[in-house]
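Chemist: Sharing a model that was predicted from the sequence below.
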Amino acid sequence: MQLRREVDGLKALNTTKEVPSQGKINADSMAADDNPLMTLFKGTKLSGFVDVGYQFSFNQLNTNTTGPATPIRPATGNNPVRIFDNSDNSFYMHEAHLQLERLASKDMIVGYHIELVGGHDPSVYDGSGVIGVSVQEAWVQILAPLGDGLDIRAGRMATLVGYEVLENISNMNYSRGMIFGIVQPFTHTGVRLSYGMGGANHDMFVMTMGFNNGFNLGNTASNGLFEDNDHGKALEMQVAIRPIKDLLVSVTFLVDNDQVLSNSTNDGHYLIDLVAAYQMDKLTFALNFTQTAVQGVGGATGPVSGPGTRQRLNGIAVYTKYAWTDSMASALRIEYFSDWHGQILAKPALAADSGDGTRVFEFTLTQEIKIASQLVLRIEFRHDDSNQHTFLRNSSPARGDNSFGVEAIMPF
């Protein structure tokens, strides 16, 4: 979520060394502090991290077996509810991340933000399937002098939806949740306006509205990235309230007529999202509910596609994390996901399951340790359980999966 993007300790201010002059300085020349361009780059913050991991499934999954392609997600690998680590017994170079940022202020009303990434994860959310370098975010910013300041951003930006984010260093667990990976978009390309009121940082009440190309869900490189695949635009709206210092509540609504997702051209796709997060001294608690519906699309085993049909996906996740010491913390995620008519999680043909819908429950326990107060090491156990045979065990249909994971993140 956009409001959680600031991560303590990740950003280091660039410094430059003065080079002695080799000649006489022109008295009429502009000083560096008087040059708007130099002032902009002087305040640029450079940060980043390297994220690597390993995932092992106790189901001994068949690495040659792939799940079904869907309107929302392409054919995945072994575990259908995992996105960035779904291959069994695999090492991952998840992401090398570099961020440059200079946010606008009253002194300099323009700013920018760039995130360059390379590794396995960008190949998933960019839909390319090729490991390489990508631009996760790139936007320019204007702080218009209206009241406390109207924040205007244009470019490719992180979605407003959800509690989890693409930068896993900001999440509680190694593996991503189901509603993050299956239901929620990752980024949007468009324009976004935000206005905040109250408090020293004007964050007691924040209203956001924007227009973009659509939902970037990782199934096609043109869906929500740098171009549009239909004539319409998606509308995003959010209201975020901080009634007390440590409590944040946000409601987000998205609607569009993206024809990659829907056979209808009349606003056939909508999403509503609720996030509530409470931060105490050592305990963090959060709740995230998301529901989305697609018009004119039938499920793999559900209604036939056509006018009047509607597929619905929803899920709820509860997150909690407790910091035992400055270098050790434990996190727990409990999550429920419902695919009402098998749009995403179709049951295997060989499985004698009843009904056409799929319901999946998962819980994830993660132990986090900081080494030398810098390297973040996570050790994780996860259990997935379904009412249908949507998983595999030794190449045979199964109702669940247990897995073990290790992740190391080095920020700089």
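Modeler: Thanks, I have it. Keep in mind that what you see is a predicted model, and the values were worked out from it rather than measured. Numbering: from 1, shown residues only.
Chemist: do you know how far Arg192 is from Leu46?
Modeler: With distances defined as CB to CB, to the nearest Å, the gap from Arg192 to Leu46 amounts to 24 Å. To be clear about C-beta, it is placed using only N, CA and C from the backbone, and glycine gets the same treatment.
Chemist: Neighbour count: those two, which is higher?
Modeler: Taking Arg192 and Leu46 together and counting by other CB atoms under 10 Å, Arg192 has the greater number of neighbours (22 against 14).
Chemist: Setting the sequence-adjacent residues aside, check what's closest to that one.
Modeler: Closest residue in space to Arg192, ignoring its immediate chain neighbours: Gly210 at 3.5 Å, by CB to CB, 6 or more residues apart in numbering.
Chemist: Need the contact partners of the helix or strand containing His383.
Modeler: Take DSSP states H and E as the rule and His383 turns out to sit in strand 375-386. By CB atoms under 8 Å, 6 or more residues apart in numbering, the surrounding residues in contact with strand 375-386 are 79, 81, 169, 173-175, 345, 358-371, 391, 399-411.
Chemist: Tell me the spacing between the residue nearest to Arg192 and Gln238.
Modeler: For Gly210, the distance to Gln238 (CB to CB) stands at 9 Å.
Chemist: ok, now Val360?
Modeler: Applying CB to CB to Val360 and Gln238 gives a distance of 27 Å.
Chemist: Then Arg102?
Modeler: Here Arg102 is placed at a distance of 24 Å from Gln238 (CB to CB).
Chemist: More neighbours: these two, which one.
Modeler: Comparing Arg102 with Gln238 by other CB under 10 Å, the one with more neighbours is Gln238, at 23 against 20.
Chemist: which residues does that one form a beta bridge with?
Modeler: In this entry, Gln238 is beta-bridged to Thr208, Thr252, by DSSP bridges.
Chemist: burial measure for Thr159, as a count.
Modeler: 23.
Chemist: which one is it nearest to, not counting chain neighbours?
Modeler: Closest residue to Thr159 in three dimensions, ignoring its sequence neighbours and counting by CB to CB, 6+ apart: Pro185, at 4.8 Å.
Chemist: cool, and Ala234?
Modeler: The spatially closest residue to Ala234, leaving aside those adjacent along the chain, is Asp256, at 3.3 Å (CB to CB, 6+ apart).
Chemist: That neighbour reaches Glu236, doesn't it?
Modeler: No - distance between Asp256 and Glu236: 9.0 Å, which falls outside the contact criterion (CB atoms under 8 Å).
Chemist: the more surrounded of the two?
Modeler: Higher neighbour count among Asp256 and Glu236: Asp256, with 27 against 24, using other CB under 10 Å.
Chemist: Can you name the residues bridging to the more buried one?
Modeler: Beta-bridge pairing of Asp256 under DSSP bridges involves His269.
Chemist: Identify the residues contacting it.
Modeler: Contacts for Asp256 were tallied using CB under 8 Å, 6+ apart; they are 214-215, 232-235, 267, 269-270.
Chemist: What is the most widely separated pair among these?
Modeler: Greatest spacing in the contacts of Asp256, by CB to CB: Lys233 and Tyr270 (14.1 Å).
Chemist: would you list every one of the helices in this protein?
Modeler: Listed in chain order, the helices of the chain (DSSP state H) span residues 36-42, 120-125, 178.
Chemist: Lowest average pLDDT across those?
Modeler: In terms of average pLDDT, helix 36-42 trails the rest of the helices of the chain, at a mean of 64.
Chemist: and the lengthiest strand in the chain, what does it pack onto?
Modeler: Ordering each strand of the chain by length in residues (DSSP state E) puts strand 310-325 first. When contacts are defined as 3 or more CB pairs under 8 Å, 6 or more residues apart in numbering; DSSP states H and E, strand 310-325 sits against strand 283-295, strand 328-339.
Chemist: before we move on, the earlier item: which one of the contacts of Asp256 is nearest to Asp85?
Modeler: The shortest separation between Asp85 and any of those is 22.4 Å, and it belongs to Phe215 (by CB to CB).
Chemist: Just give the nearest non-adjacent residue to the closest one, would you?
Modeler: Going by CB to CB, 6+ apart, Phe215 has Pro185 as its nearest residue, at 4.3 Å.
Chemist: picking that back up, can you give me the angle the longest strand of the chain makes with strand 283-295?
Modeler: 170 degrees (axes from the mean of the first three to the mean of the last three CA atoms, to 10 degrees).
Chemist: Given strand 310-325, what are its sheet partners and their directions?
Modeler: Within its sheet, and counting by DSSP bridges, strand 310-325 is paired with strand 283-295 (antiparallel), strand 328-339 (antiparallel).
Chemist: buried stuff in the first one?
Modeler: Along strand 283-295, these residues count as buried under the neighbour rule (16 or more other CB atoms under 10 Å): 284, 286-295.
Chemist: of those residues, the lowest pLDDT goes to which?
Modeler: Gln295 (66).
Chemist: can you list the strands paired with strand 310-325 in a markdown table and add distance to Val50?
Modeler: Listed next are the strands paired with strand 310-325 as a markdown table, based on distance: least, CB to CB, whole Å:
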| stretch | distance to Val50 |
| --- | --- |
| strand 283-295 | 24 |
| strand 328-339 | 20 |
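Chemist: nearest to Val110, of the ones you listed?
Modeler: Ranked by CB to CB, the member of those that lies closest to Val110 is strand 283-295, at 33.1 Å.
Chemist: just the strands in the stretch 151-300 of the chain please.
Modeler: Listed in chain order, the strands of the stretch 151-300 of the chain (DSSP state E, counting those that start in this stretch) span 187-197, 205-212, 234-244, 247-256, 269-279, 283-295.
Chemist: any chance of the ones you listed in JSON lines, with distance to Ser87 too?
Modeler: Compiled in JSON lines, those are given as follows (distance: least, CB to CB, whole Å):
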{"stretch": "strand 187-197", "distance to Ser87": "24"}
{"stretch": "strand 205-212", "distance to Ser87": "31"}
{"stretch": "strand 234-244", "distance to Ser87": "32"}
{"stretch": "strand 247-256", "distance to Ser87": "30"}
{"stretch": "strand 269-279", "distance to Ser87": "28"}
{"stretch": "strand 283-295", "distance to Ser87": "26"}
